[in-house]
Every structure is written in structure tokens, then in C-alpha cells.
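Trainee: task: produce atomic coordinates for the following.
(chains A and B)
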Amino acid sequence: MKKSVFLGTLAAAGLTAGLAAASTLDDVKARGELNCGVNTGLVGFAAPDANGNWSGFDVAICKAVAAAVLGDASKVKYVPTSGQTRFTALASGEVDVLARNSTWTFSRDTDLKLDFVGVNYYDGQGFMVRKDLGVSSAKELEGATICIQTGTTTELNLADFFKSNNMNYQPIAIDSNAEGEQQYLAGACDAYTTDASGLAATRAAFADPENHIILPEIISKEPLGPAVRHGDNQWGDIVRWTLNALIAAEEYGVTSANLEELSKGTTNPEINRLLGTEGDLGAMTGLDKDWAKRAIAVSGNYGEIFAATIGESTPIGLARGLNGQWTQGGLLYSPPFR
Amino acid sequence: MTSMTGVPKQGFRLSQLIYDTRYRSLTIQVVVFMLFMLGAAWLVDNTIRNLQALGKDFNFGFLTYRSGYDIGQTLIPYTNDSSHARAALIGLLNTLLISSLGCIAATVIGVFVGVLRLSKNWLVARLMTVYVEVFRNVPVLLWILIILAIFTEVMPAPNAYRVTDQMLAEGVQPAATMVLFDTIAPTNRYTAIPSIGFSRSLGGFDTSFMPISFNFLAMVAALGLGIFFNRRVLATAKAVQEATGDRPVTWWKSILLLVGPLLAVMIALGFHLNLPALKGFNFAGGLNVTNAFVVLWLALSLYTGAFIAEIVRAGVLAISNGQTEAAFALGLRPGRTMNLVILPQALRVIIPPLISQFLNLTKNSSLAIAVGYMDLRGTLGGITLNQTGRELECILLMMLIYLAISLVISGVMNVYNNSVKLKER
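Mentor: Below you'll find the predicted structure:
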């Protein structure tokens, strides 16, 4: 008797383990909470404040998805992941979506079995040095000691950059941005390299940001975007189109201020479809009509999120640049809501 | 004829497996073993199924791919064009280097402290107690981080050694100067020390594993020759001592034999030191011993040394006081009593727990990631794992390698233990 109970438990456990990856949407709804993988702490992108409330550019994506799926932007459990643990956390089902300034690359998309649903920040790798070092170009870094976050694409770009320029360097592998900041400030490395946006965010947290410069060279393409597990296309669609909804909202002039007014119906059918006053796009992905409206209502459209978290009026002070709408000369281009 | 009556011959019944004490223990063992195997099979099956669900396969092909990343400390040649397997090998060698140097230092520290803790000198004994208790009772990771913080915050940056023309003109001294006749420069990244150079080098040949220098081989041969002849001299001295009771003076012959040939070879090869000099951002010309290495080595040695000290103390205390008294009665001084009577006997108590400490140190060296020292955990289990996404393969391979290292260490130590243990004749 006891043995059969034990065997039954074993079999049940085996079955649930096999079925766990069946439908992320159902899992999230049943749980009533979205598990979102974020950075362990990068001001502007994802960082907790003194009360433990997370905020930032990547966090806004988590909130928008939670609002679209669960109807409540606060139903998010933020799981801080390091450069080393992030993809394992996603693959193992510990998080439902990974919004952690991660670069979309071929091998991650294919071999690691991830699906990058889009790009929420077009970035590139840069270098930060002390001003008094007298360095004005990355090509002058011959023989320098460089701090680098291990487990990232930047590690490989750095090797390629120095190789192609026939220069030598001494790498110091670090595990997190906080550790990199500490080592760099202590002078254990001459330069700190990571995504340019990350450098700006790191520098903004320094006591003396004016004494550090970010070198002009951008040595790589780093399209950062949210990722989901490969194979669950419905869930992938939801996250992809939530991101697109934020981008499209900016393009069509839907802001948190005029959202309520516009959702009563406008003359622009595209806005009507986006906000659910016309047609039922939400049902096609297993959500209700107002999903996009709720997602936009959390912290506004893409432009508003950008301005509030990392834009030029914040200490991080990033210009829109490549991250402007296609109509403004940027690369953001949401496919039509139709 | 013997009678067989009264004992009915019965066949084997199934219930005997449980009720017959002859079979019961066997039955229980078989059942438990089957359950264990069932559990293991379930785990393996679950893993395979989950891997399939994720669409991942299980193969080690990635080890031959180009690694694409650089490693700070490499004992054998490595570039970012080398394979992941080569990177893992670099990590393995770094692990072996830190573990072997750590084991040696920890043993030296442990023996000294353990013996000194038994000293009759109150201050020395108490100081050693403080050392042991402080190091033994704080997690080794914290020691690593504290020592790293001390090294990075207290030591000067390489920049501090810079002397510019302007400074010369104004007569300003640089913020830091090199120590020991301008040969060693401690910095917050590494300690720059002189490297060895040969002006009349013999060259060398390259194997796919590592380049081998003829200079090195010549020096090893000279040293080996010296050791060989030194042994002959000592053997002769012993024979003379046993025959006559007088030991001839040998120390100058030993020094001459050990150092002489080596020195001759080195002079013939044009031995000289390459002094480190600040060039660009960093020191060049010499050898830069990274702080990550020194910090990890110090922390592991001091931490494990505290445990070894306790083992040594226990070993010494395990030898009955009668042995000491007997040695004193024979007229041996305390130092010789310890070296000739107590320690050799204590060794057989000390060695078995010492093996565990060596294994601990080796495994603790995987904390290297905390200081960015690229050991096996840092290369194979860190960067390679992350860049290829082969978690299962990398971790399994790493476990296998650590297991192999540990088994080799404990095998070697067991051989040594057999040679020192009490021989019963």
C-alpha cells in the first residue's frame, strides 16, 4: 500500500514536471502573479528603492505585461538575476519573462531556446574611463586593465575589438554591475565596459559623475529586449504585442493623459483597434479587449516610460537617438494592429 | 545408517523471504536497492524529458568551438581563438595551481600554529588561539572578500608610480615607489615582480599542450644532478657515522652540490632579471602576479591553516606524555624531542583528517569567482557555460573533474599515510 502511494507520487511528480511548460499564460493566471526576471540593480533600468519597490525601464515592461494579462500592474514578482543566471532562470521556468537588458543574438535565440520578442532599447557597447587618465578614444586603451561583466556578450565583443585593433588588454571578470562599479572606482581597472546605457546608468550613481567620461566608440550592436521561452508562441505573442502596444501608442499619440478620452472612441481606426473600442484583437491572443489599454495605463507609452526612467531629464540622461520612432529618424517601428 | 525421520523436508516458500531470518536482510537490501535505482531512473528520465521539452540535446561538441573570450591568468598559451576545451584546461591548471600552493602554505601555517599553540609561552599560545578561532569561525568567502578589499583599497594604483617630466622639473615625488631595490611594485591590481630572462637562451620546442624551454630543462637537470650527488655525500657521511660514531661535516659540501651546478648553468645561459617598469597603463617587462591569485591563496591558506593547526594540536596531544619524558630522559632538547619523537608519531593521527582539509581547500578554491580568478569554475562553469548555454554538460563535466582531482589527492595522501602509519611487525 505504502509502496504504491510512493510510486503514485513519483509518477504524479514526473507528469507535472512534464506538463509544467504547457501554457505560460494559464500558469500566470492560475498563480495570479507574473514572475519577471530583472537586473540585480541597474539604476534606470531595474532597481529597487529603499522600500523595495522596483522601478525602471525594464521594470515598466514587466508591469505592462502584468497589467495586460492579470489586470493589475502590481501583481509582479521581481526575480533579480545576474548575467550568469538569467537564461537558466528563464529556461527552468523560474521566471515567465526576462526583461533584463539582454542582447538579442543568433545563438541565444536558437541554441539557448529563447525567443526575443522585440527590442526595447537599441544599445551598443562602450567604455568608461576616468577623465584624468587623458584617454579620448578606445583605441588608446593598449595594455589597459578592463573590468567586464562575465557571462555577457560584452565579454566576446571586447575580445574581438582588441583583436581586430591588434591591441592587448588585461580582463578582470566581475559578476555584477555593483561589483564592477566598486572595482572601477577603487582603480582596480582603468576602464569599465558594458552597454553604453548601462555605463550611463552606472555613472549617474557615482558621487562624482563629472570626473568620468564615456568614450565615443561604440564597438558592437546590442539590441536589448525582453525574452521568453522558446515554444510557447501564445505567451511570446502576448509579450511581443504588449511591447508593440507601448511603441504604437507613442506613434499614434496615445498617452497616459489622453488614454481615457481616446478609449471612448476616435476617428482613427488603428487607435480604436489598439484600445479595444473596435474589433477584438485581445481575444486572438487569449486576453480581453482592454489589454493594451491597461498596459499603456500603467506608466504611459514607450516615450513616457523612456523619459521617466532613463531620458534626458533623469540623472542618466540618455538621448532617444536610435530609440526614437521611425517617424522621427529612430528604429522603433511597431507592426500594425490589425 | 542415520535416521532421517521426524524432519519433514519442505520446499522453499515465498514467505520465508520475510519471516526467515536467513533471508530477511537480503530481501530488505534488494528492495531498498530497487527503490533507489527507481528513484535514480526517475531523475534521469525526468531530465531527459525536460530537455526534450525544451528542445535541447545533450552533447559535448561545444568544447571544440572557438571560445572567443580572454582569460587574465594563463599558465599555458591561450588566445580567444582557442577552443572551449582549452579554456577549461586553463581553468583546471589555475585551479591546480591555487590548490597545490594553498595546500602547501596551509600545511606550513597549520603545523607552526598547531605546535606554537601548545607552547608554554602564554602570549604565543594565546595569539595562536586567537588566530585559529578567528579564521576557523568566519566563512571563507568573507575572508576572501575582506582580503580583496584590503588589497584593492590600500595598495596604490599603477598610476601612482608614474613619474612625469613635469614632476621631475618640479621635484615632486610620485605617490608610490617600488620596494626592495626598485624591483617589486605592489599595486591594487597585481604585484609586479621581476621575471627571469636568459641572454644566451637555448630556445625550446613547442608541443600542442605547452611550449617547453631547454633553459628550464637544463636547470632541472643541473638541480637533479646536485640532489643526486648530495645524497651520495649524505649516505657516505651516515656510513662513517655508524662505523666510527663521528659524523663528518657535510653542510658546505651539500650547499656546494645543490647550488653549484644550478648556478653554473644559469651563468652559462646568461641569467638575468627583467625588472618591471610602468609602461602605458600597467607595469610591463616583469611578471604581474594578480591580486586575485594572491588574495585567494592567502585567504584559503589562512582559513584551512587554522583547521590544520587544530588537527596538528590534536595529533601532538594524542602522543602520551611518557614519550616526551622518555626523550628528555635521553637528553634530547625540546626542539629535537618534537621533531624526532613527537611529530613522527603524531603524523599517523594527523594525516587522515589532513586529507579532508586538502580536499576542502581544493573545493573551496571554486570561490575564485568572487575575486575574478579564472579557475575551472570561472572558465568551464562560468563563461563557457554562459556563452554556450550548456548548463548540464558543463556542470557534469566540472563535477567529474573536481571528483577526479579529489580522488587523486586522497589517493596520493593515502599512499603517504600508509608509509607513516604504525607498522605492526
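Trainee: show me the contacts for the closest residue to B:P276 other than its chain neighbours.
Mentor: Counting by Cβ to Cβ, 6 or more residues apart in numbering or on different chains, B:G286 is the residue found nearest to B:P276 once chain neighbours are left out, at 3.0 Å. Glycine gets a C-beta too; all of them are placed from N, C-alpha and C. Contacts were defined as Cβ atoms under 8 Å, 6 or more residues apart in numbering or on different chains; by that measure B:G286 touches B:192-195, B:274-277.
Trainee: ditto for B:R162
Mentor: With contact taken as Cβ under 8 Å, 6+ apart, B:R162 is in contact with B:174, B:278.
Trainee: confidence score at it?
Mentor: Per-residue confidence (pLDDT) for B:R162: 81.
Trainee: before we move on, what about B:R13?
Mentor: 82.
Trainee: give me phi/psi at A:V129?
Mentor: The phi and psi values for A:V129, taken as degrees, to the nearest 10, are phi -130, psi 170.
Trainee: what count of nearby residues applies to residue 95?
Mentor: No chain specified, so I'll use chain A. Neighbour count for A:V95, taken as other Cβ atoms under 10 Å in any protein chain shown: 25.
Trainee: to clarify, I was referring to chain B.
Mentor: Neighbour tally, B:T95, other Cβ under 10 Å: 26.
Trainee: then the one 4 residues further on?
Mentor: Using other Cβ under 10 Å, B:S99 is surrounded by 23 other residues.
Trainee: give me the distance between it and A:P209.
Mentor: Distance of B:S99 to A:P209, given as Cβ to Cβ, to the nearest Å: 42 Å.
Trainee: check B:T74 too.
Mentor: Distance from B:T74 to A:P209, counting by Cβ to Cβ: 36 Å.
Trainee: now do A:E33
Mentor: From A:E33 to A:P209 the distance is 37 Å (Cβ to Cβ).
Trainee: before we move on, what about B:I76?
Mentor: For B:I76, the distance to A:P209 equals 42 Å [Cβ to Cβ].
Trainee: quick one: contacts for the residue of chain B found nearest chain A?
Mentor: The minimum distance from chain B to chain A, using Cβ to the nearest Cβ, falls at B:N386 (3.5 Å). For B:N386, the contacting residues are A:83-84, A:87, A:150-152, by Cβ under 8 Å, 6+ apart.
Trainee: what sits up against stretch B:301-317?
Mentor: With Cβ under 8 Å, 6+ apart as the test, stretch B:301-317 has contacts from B:101-103, B:105-115, B:117-118, B:128, B:131-136, B:140, B:143, B:342-343, B:346-347, B:349-350, B:353-354, B:357, B:360-361, B:364.
Trainee: of those residues, grab the buried ones for ChimeraX.
Mentor: Selecting only the buried entries of these in ChimeraX, with 16 or more other Cβ atoms under 10 Å in any protein chain shown as the criterion:
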select /B:102,103,105,106,107,109,110,111,113,114,115,117,128,131,132,135,140,143,342,343,346,347,349,350,354,357,360,361,364
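Trainee: check the contacts of stretch B:301-317 one by one and keep those near chain A.
Mentor: The subset of the contacts of stretch B:301-317 lying close to chain A, counting by Cβ under 8 Å from any Cβ of the partner chain, is empty.
Trainee: could you report the neighbour count for residue 81?
Mentor: Since you didn't name a chain, this refers to chain A. A:T81 has 23 nearby residues by other Cβ under 10 Å.
Trainee: that answer is for a different chain, and I need it for chain B
Mentor: As a burial measure, B:D81 scores 11 neighbours (other Cβ under 10 Å).
Trainee: more neighbours: B:T74 and A:P209, which one.
Mentor: For B:T74 versus A:P209, neighbours defined as other Cβ under 10 Å are more numerous around B:T74 (18 against 15).
Trainee: surely that one is in a helix?
Mentor: No. Read with DSSP: H, G, I helix; E, B strand; the rest coil, B:T74 is coil and lies in no helix.
Trainee: how far does stretch A:61-75 sit from its chain's centre?
Mentor: Put simply, stretch A:61-75 sits 15 Å off its chain's centre (Cα atoms, centre = their mean, to the nearest Å).
Trainee: enumerate the positions of it that are buried.
Mentor: Neighbour counts over stretch A:61-75 (16+ other Cβ under 10 Å) mark A:61-70, A:73, A:75 as buried.
Trainee: picking that back up, what's the most distant pair in the contacts of B:N386?
Mentor: Using Cβ to Cβ, the contacts of B:N386 span at most 13.6 Å, a distance reached by A:F87 and A:T150.
Trainee: show me the helices in the stretch 201-350 of chain B, by range?
Mentor: Along the stretch 201-350 of chain B, counting by DSSP state H, counting those that start in this stretch, helices occupy B:214-244, B:251-268, B:291-318, B:321-329, B:334-336, B:343-364.
Trainee: just those: most buried one?
Mentor: Of all the helices of the stretch 201-350 of chain B, helix B:291-318 carries the top mean neighbour count, a mean of 23, counting by mean count of other Cβ atoms under 10 Å in any protein chain shown.
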